[in-house]
Structure formats: C-alpha cells, structure tokens
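Novice: The following block contains a protein sequence and its predicted model.
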Amino acid sequence: MDHIDHILIVDDDREIRELVSNYLKKNGLRTTVAADGRHMRAFLETNAVDLIVLDVMMPGDDGLVLCRELRAGKHKSTPILMLTARDDETDRIIGLEMGADDYLAKPFAARELLARIKAILRRTRMLPPNLQVTEVGQLLSFGDWRLDTTGRNLLDREGTAIALSGAEYRLLRVFVDHPQRVLNRDQLLNLTQGRDAELFDRSIDLLVSRLRQRLRDDAREPEYIKTVRSEGYVFAMAVEISELRQ
C-alpha cells in the first residue's frame, strides 16, 4: 500500500484547523488536528507524522516555543511549516532560527499551503544536488567533524552526535557538497529551500550563525564557514567522502 503523508495541524483557531484539514484530505493527505501544545504533545507521544503545520500565535506555549521543543526532542527531524501573522518579520526570523523549515503568512490560500507542504516533503526526501542515489550511505569528513548522511548525524571527534534541525542539515549538506566555493545568499536559498520558496536573505544569515555554533566555529575568525564580503559564504574545509555500508 502506498504511503499517505500524515500532516499534524496545530492551531487554536477551530475554523482554520477544520478548513485546512478538509482541504488537505481532499488532496490525498491524512490529517490530525490539535488545538494547542498540550494536545500536540499528547498525540506525538505515541504517533509520528510527516510534517507539522504550526501556528505561531497561540495561548499558552506559542508556536515558537513548541518549535524549539520539537527540535530538541525525538521529532527533531520532522519538517515544520510555521503560520505567522501578516508581514511579521520577527516571527519569521525567530521561527527559522528555531528550526522551522518554511513559513506562510496569514491569511493564506489553502492551495499555497498545499504547495508549500508538498515542496517541503519533496526537499526533505531528496538528496542534495550533485549526489547520486546509492544503496550505501556516506560519511562526509571535514576538520574535526563527520556527517553521517544515513542517520543525518553530525559527529565530533569522540563520535558524539550533535542534533541538527532539518534546515541546519540541508544548509550543511549544501556547504559540504560545494566546498571551497563561494555561494551567495540566493544560491543558498535555492539549494536549501527550493526555487518555489520566497527569498528571505536574513534567514540564511541566521542559519549560518546557528550552524557555526553547532560546529563550534568562532564567528569572528571562522575556520569552517567564512563570510566573503559582498558575495556570500564559503565552506573553507576540504571534504573527504567515504561509504557507510549496512
């Protein structure tokens, strides 16, 4: 039986929950709705989903708090699409910094939400550019770090795994797939979010900052991700590729 993508919709507005859920169901998706963080946690305790649509403005724990919580727990790799207030740039920036994969401003067309959900699912299941699909995983080594592409784990010298959000992982993959090459913000956005995503330069700067923290890279004198003034960023380390056989 073919897999049917399961979408969890977390929004305190009952009308929005029902409208979105019904529209997604009509378009071949499976849905579950939750009115707040408590209901979301209860459902995710015993269930897994393919993507979470998460409203920012909710009573109690808001969407930003819940996004950060999800990224720190067992659902850290589940894609998250944030629903934000119209033109609220602060929510967008913070949401992306917390690990959200995309955002959509209210009010929105259900058709656009569906398109973004499909784009996120497609990106998360697609190997980054320049990689071939093989039966073996890859271990990408650079400096003091190794990236296990099968488990999506960033490993330090001692083999300790460092948690990465979906957005952080995709950005790191882009960098290690294009080492020692200057990439501007538009290129990074296209490679990490897809050409159908709205360009938002500031989100890349925040993701780079967060990724430097994961790599324990000194932002003032970085060894891994260097800023090229007026051009973009360059991953300065050489990358070695080895196979991980099951």
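Specialist: Alright, I've got the coordinates. Numbering: from 1, shown residues only.
Novice: next helix or strand past the lowest-mean-pLDDT helix or strand in the chain?
Specialist: Sorted by mean pLDDT, DSSP states H and E, the helices and strands of the chain end with helix 89-98, the least confident at a mean of 66. Counting by DSSP states H and E, the element after helix 89-98 in chain order, helix or strand, is strand 102-105.
Novice: what mean pLDDT does that following strand have?
Specialist: Average pLDDT, strand 102-105: 84.
Novice: CA atoms of the helix or strand hosting Lys118 as CSV?
Specialist: Here Lys118 is covered by helix 110-124, with elements defined by DSSP H and E. Extracted in CSV, the C-alpha atoms of helix 110-124 (Å, rounded to 0.1, in the frame of the first residue of the first chain):
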residue,chain,number,x,y,z
ALA,A,110,-5.2,26.7,1.0
ARG,A,111,-3.7,26.0,-2.4
GLU,A,112,-0.5,27.8,-1.5
LEU,A,113,-0.3,25.9,1.8
LEU,A,114,-0.7,22.6,0.0
ALA,A,115,2.0,23.6,-2.5
ARG,A,116,4.5,24.5,0.3
ILE,A,117,3.7,21.3,2.2
LYS,A,118,4.5,19.3,-0.9
ALA,A,119,7.6,21.3,-1.6
ILE,A,120,8.9,20.7,1.9
LEU,A,121,8.2,17.0,1.8
ARG,A,122,9.9,16.8,-1.6
ARG,A,123,13.0,18.6,-0.3
THR,A,124,13.4,16.6,2.8
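Novice: shaky segments in this structure?
Specialist: For the chain, the stretches with pLDDT under 70 are 1, 86-98, 124-137, 190, 193-202, 243-246.
Novice: For this structure, just list every one of the strands.
Specialist: Counting by DSSP state E, the chain has strands at residues 6-10, 30-34, 51-55, 80-84, 102-105, 137-142, 145-148, 153-155, 161-162, 182-183, 225-228, 232-235, 240-244.
Novice: Turn these into JSON lines, including mean neighbour count.
Specialist: Placement of C-beta: from N, CA and C, glycine included. Formatted as JSON lines, these follow (neighbours: other C-beta atoms under 10 Å):
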{"stretch": "strand 6-10", "mean neighbour count": "23"}
{"stretch": "strand 30-34", "mean neighbour count": "18"}
{"stretch": "strand 51-55", "mean neighbour count": "24"}
{"stretch": "strand 80-84", "mean neighbour count": "24"}
{"stretch": "strand 102-105", "mean neighbour count": "21"}
{"stretch": "strand 137-142", "mean neighbour count": "17"}
{"stretch": "strand 145-148", "mean neighbour count": "18"}
{"stretch": "strand 153-155", "mean neighbour count": "18"}
{"stretch": "strand 161-162", "mean neighbour count": "14"}
{"stretch": "strand 182-183", "mean neighbour count": "16"}
{"stretch": "strand 225-228", "mean neighbour count": "15"}
{"stretch": "strand 232-235", "mean neighbour count": "20"}
{"stretch": "strand 240-244", "mean neighbour count": "11"}
